[in-house]
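In: Predicted model and sequence follow; I will ask about them next.
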Amino acid sequence: MTTDKGVATTAPVLVGVDGSAAALRAVDVAAHEAARRGSALRVLHVIPVVTPRPLAYAAPFPLPSESSHQIGQSVLADAATRAEAVLGPDRVTVHLAEGDRARALLTAARHASLLVLGNERRNLLDRLITGTVINNAAAHSPVPVVVVPEGWAPESERRHLVVGIKDCSACEGLVRRALELAAARQARVTLLNAWEFPVLYDPSAYASIDFAAVAEASRAELAKHVGPLVGEFPGIEVDIRVEQGQAARLLTLASAEADLLMIERRGHLLPVGHLGGTARAVLRESACPVEVLPAASEYGLERLEVEAAGVPLKAALGVEPG
């Protein structure tokens, strides 16, 4: 949406970049999403505070100021060139900040409608030592977060969205967003609910259970809750699937045939967000981009319009933009 003067009135899309190939994939996704929304794109690079290895508890120290800023400006220039090829230079701004990367991204996300990040595959040791910016962002972001896997390069659009449904009675916000995206992208939607019995007894104890009946009852329950919503989007093809198995595994398998996998993070008693084991596994293993929505109890539409246009990033980050 734009004004008569051509100034974007919807909150911009925010993409975090770090110079990796995965981050450039994220720029592509973010630029096309900004184009679809008619919004601006903000590209943010955060110069990190580095803790020397292997002394994990040593006092943090910054990289030399001059060299780190040169690297940061180079990273931003590469990302901007890529984004401007989609949006043009007038709708792309770049910003340089210093400090904790996750904290800076989350602060900037308060002034955005969407946060996009690239997921560079790391080994287990790296994750244990450095922590994961992506998990922190997905757990705490006030707006939806899209995580783009490093190898994401679809040869053609599948026009297929997969939605992971955990709680049939509390999935309205997630399903509505999926249907709205599907309408904009002319895509079909698969609502996937995975279930499994807890391993408490010997497998023979389950011999008398009619698993097909359990699955059908679950499918009917999900259809009852989402039926009115689906009816509001008569042109969208919606497939409801209830499958037995580990949720993370089934969602990861489904991601191989999708353009976007959508999940909602768990609600939390404290206003700090929470990312469950299934969500973390899906973010790590998904073959397609994953969108994580804040829990319905934490997410209001007003967050999408917070100081939408013309907000200097220094107001959000406490630093001057680069």
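Out: Happy to help now that I have it. Residues are numbered from 1 along each chain as shown.
In: Tell me which helix or strand in the protein has the weakest average pLDDT.
Out: Least confident helix or strand, the chain: helix 313-317 with a mean of 41, by mean pLDDT, DSSP states H and E.
In: those helices in the stretch 51-200 of the chain, which residues are they?
Out: Here the stretch 51-200 of the chain has its helices, by DSSP state H, counting those that start in this stretch, at 65-87, 101-109, 124-130, 133-140, 172-185.
In: Ok, which of these comes nearest residue 195?
Out: Of all these, helix 172-185 sits nearest to residue 195, with 17.3 Å by C-beta to C-beta. The C-beta positions use only the backbone N, C-alpha and C, and glycine is treated the same way.
In: helices and strands around that closest one, which ones?
Out: strand 160-164, strand 188-195, helix 211-231, strand 260-264, strand 290-293 (3 or more C-beta pairs under 8 Å, 6 or more residues apart in numbering; DSSP states H and E).
In: mind checking how far it is from the chain centre?
Out: 15 Å (C-alpha atoms, centre = their mean, to the nearest Å).
In: by how many degrees do that helix and strand 188-195 diverge?
Out: Between helix 172-185 and strand 188-195, the angle comes out at 150 degrees (axes from the mean of the first three to the mean of the last three C-alpha atoms, to 10 degrees).
In: Now residue 245, what are its backbone angles?
Out: When read as degrees, to the nearest 10, the backbone of residue 245 gives phi 150, psi 180.
In: Make 41 the starting number, not 1.
Out: Yep, numbering from 41; the last one is residue 285 now.
In: Tell me if I'm right that it and residue 232 touch.
Out: No. The criterion here is C-beta atoms under 8 Å, and residue 285 misses it with residue 232 at 10.5 Å.
In: For those two, work out which one has more neighbours and name it.
Out: residue 232 (22 against 12; other C-beta atoms under 10 Å).
In: contacting residues for that one?
Out: Taking C-beta atoms under 8 Å, 6 or more residues apart in numbering, we find residue 232 in contact with 202, 203, 204, 205, 281, 282, 283, 290, 291, 294.
In: likewise residue 215?
Out: Per C-beta under 8 Å, 6+ apart, neighbours of residue 215: 203, 205, 231, 266, 269, 270.
In: For the third one, name its beta-bridge partners.
Out: This points to residue 231. Beta bridges link residue 231 to residue 203, residue 280, judged by DSSP bridges.
In: quick check: domain ranges of this protein?
Out: Following automatic domain parsing, one gets these domains for the chain: 41-183+339-362, 194-329.
In: which of these has the lowest average pLDDT?
Out: Ranked by mean pLDDT, the domains of the chain bottom out at domain 41-183+339-362, which scores a mean of 76.
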